[in-house]
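Engineer: this one's sequence-less:
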């Protein structure tokens with residue numbers, strides 16, 4: 001009996017969370033998640049309190065498009081060595097450390113800028129944070145995919161998402177809590193509490209830096225067919241008359257920039273378009289809704305302390321539960337079934353914000369809404385990260401994963417930029433109902449992709 005109990009599939013699934021690299025992803029996920037809200041949700045709360053117009057806040061969310069265009073420089077992160085750092089740390093860790101240092105520096109720039117006095121400087125530093133954060137994502141996604149074998153990717157995705165969501169709570173609730181603690185009055189705007197909050201957030205990037213220095217560089221596992229295809233391509237360029245640096249430059253561009261996209265199309269053929277459609281729309285409900293959530297709380301009369309307390313206590317617990325549950329469901333039920341469940345929950349929980357709008361300043365209703373939203377986000381995110389990782393060829397891990405996540409963000413971020421104007425025109429209830437409705441077509445896409453057979 002004891003031996004059969006130890007071999008129980010659910011216990012075996014839980015044991016994977018003790019793997020050192022799986023544990024390490026918790027801290028790296030924290031480093032990846034920390035900057036996001038600091039240039040989106042938390043920044044929107046700051047700007048709203050400072051009296052910046054809702055339409056302007058909505059437009060400033062386009063700073064997040066840096067995450068959507070990261071595929072443009074991902075080939076450099078995938079192939080370009082950094083002087084000194086690459087020799088000391090390896091390619092993945094070198095890019096991780098550089099990007100983490102840049103994020104901390106840009107956050108300090110935001111901390112020392114009052115948007116009332118110089119909004120353009122705030123936009124510049126926010127763009128710098130977003131660009132460096134997107135670069136960190138490129139290197140980190142490549143590391144995660146290369147660090148462990150395929151069967152552990154679900155667990156890597158779960159701990160990554162747990163760390164990521166804890167960081168988002170820290171950057172959201174934590175930053176609001178710090179700002180509230182140093183705010184002499186909720187009735188009037190004061191820049192100094194936000195300066196303290198963003199300085200603390202910059203200091204927290206040390207967690208990612210230390211983890212990067214501790215972890216080991218992963219080994220790439222490149223298939224024989226990929227090596228042969230790239231060698232054949234170089235031979236064709238040479239046969240066409242290229243030699244010396246033109247041959248090297250052309251072969252590098254083809255291998256680093258074009259091959260990742262060609263490889264994906266060759267492996268999945270027409271199914272690739274269906275997959276890209278799913279990737280482009282899967283998180284649309286959450287992303288579009290998220291930009292306006294903090295201004296919504298603020299307009300309902302919730303204080304920074306109330307939003308921070310609810311998010312930190314209930315949000316953290318439900319985020320961890322959701323991420324862990326998503327990883328387990330992915331291992332036991334499969335990726336596509338968990339993806340479908342996550343899509344249903346993401347759309348459905350947005351309707352809770354319609355209910356909250358009708359309740360007004362009701363802390364209990366806020367607790368229930370935030371808890372349900374974080375639980376669904378954790379489940380959906382873990383399954384989605386595992387799904388994207390399964391599509392990647394390790395020969396092009398950074399570039400292909402950056403392409404997928406760019407496709408994931410471009411449409412939602414673009415639509416989110418108009419969220420403030422939509423609320424002005426139609427109100428909060430219509431806005432949240434609309435964000436739930438645009439998630440319904442995702443269910444059809446998950447079902448269609450799930451029916452397709454994987455390539456041989």
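Structural biologist: Done, it's in. Computed from a prediction, not measured in an experiment: that's the story for all the values here.
Engineer: Regarding residue 83, what is its secondary structure?
Structural biologist: coil (DSSP: H, G, I helix; E, B strand; the rest coil).
Engineer: How many neighbouring residues does it have?
Structural biologist: As a burial measure, residue 83 scores 7 neighbours (other CB atoms under 10 Å). Yep, even glycine has a C-beta here, placed from its N, CA and C like the rest.
Engineer: and what of residue 427?
Structural biologist: Residue 427 has 12 nearby residues by other CB under 10 Å.
Engineer: same question, residue 402
Structural biologist: Residue 402: 29 neighbours (other CB under 10 Å).
Engineer: same question, the one 5 residues further on
Structural biologist: Around residue 407 sit 20 other residues, with neighbours defined as other CB under 10 Å.
Engineer: From the contact counts, what lies against the strand or helix carrying it?
Structural biologist: Taking DSSP states H and E as the criterion, residue 407 maps to helix 397-416. Other helices and strands packing on helix 397-416, by 3 or more CB pairs under 8 Å, 6 or more residues apart in numbering; DSSP states H and E, are helix 65-68, helix 74-79, helix 119-147, helix 259-268, helix 271-281, helix 284-299, helix 363-390.
Engineer: could you say what helices and strands the helix or strand following it packs with?
Structural biologist: Sequence-wise, the next helix or strand downstream of helix 397-416 (DSSP H and E) is helix 419-426. For helix 419-426, the elements it packs on are helix 54-60, helix 284-299, helix 428-437, judged by 3+ CB pairs under 8 Å, 6+ apart.
Engineer: so how far is the last one from its chain's centroid?
Structural biologist: What that stands for is helix 428-437. In terms of CA atoms, centre = their mean, to the nearest Å, the centre of helix 428-437 is set 23 Å apart from its chain centre.
Engineer: mind listing what's buried in that helix?
Structural biologist: 428-429, 431-436 (16 or more other CB atoms under 10 Å).
Engineer: tell me the pLDDT at the closest residue to residue 135 other than its chain neighbours?
Structural biologist: Leaving aside its sequence neighbours, residue 135 sits nearest to residue 99 (CB to CB, 6 or more residues apart in numbering; 4.3 Å). According to the prediction, residue 99 has pLDDT 96.
Engineer: Roughly how far does residue 99 sit from residue 321?
Structural biologist: Separation of residue 99 from residue 321 (CB to CB, to the nearest Å) stands at 30 Å.
Engineer: which of those two has more neighbours?
Structural biologist: residue 99 (27 against 16).
Engineer: In this structure that one contacts residue 139, no?
Structural biologist: Yes. If you go by CB atoms under 8 Å, residue 99 and residue 139 touch, sitting 6.5 Å apart.
Engineer: so what's residue 369 closest to, chain neighbours aside?
Structural biologist: Closest to residue 369 by CB to CB, 6+ apart is residue 352, at 4.4 Å.
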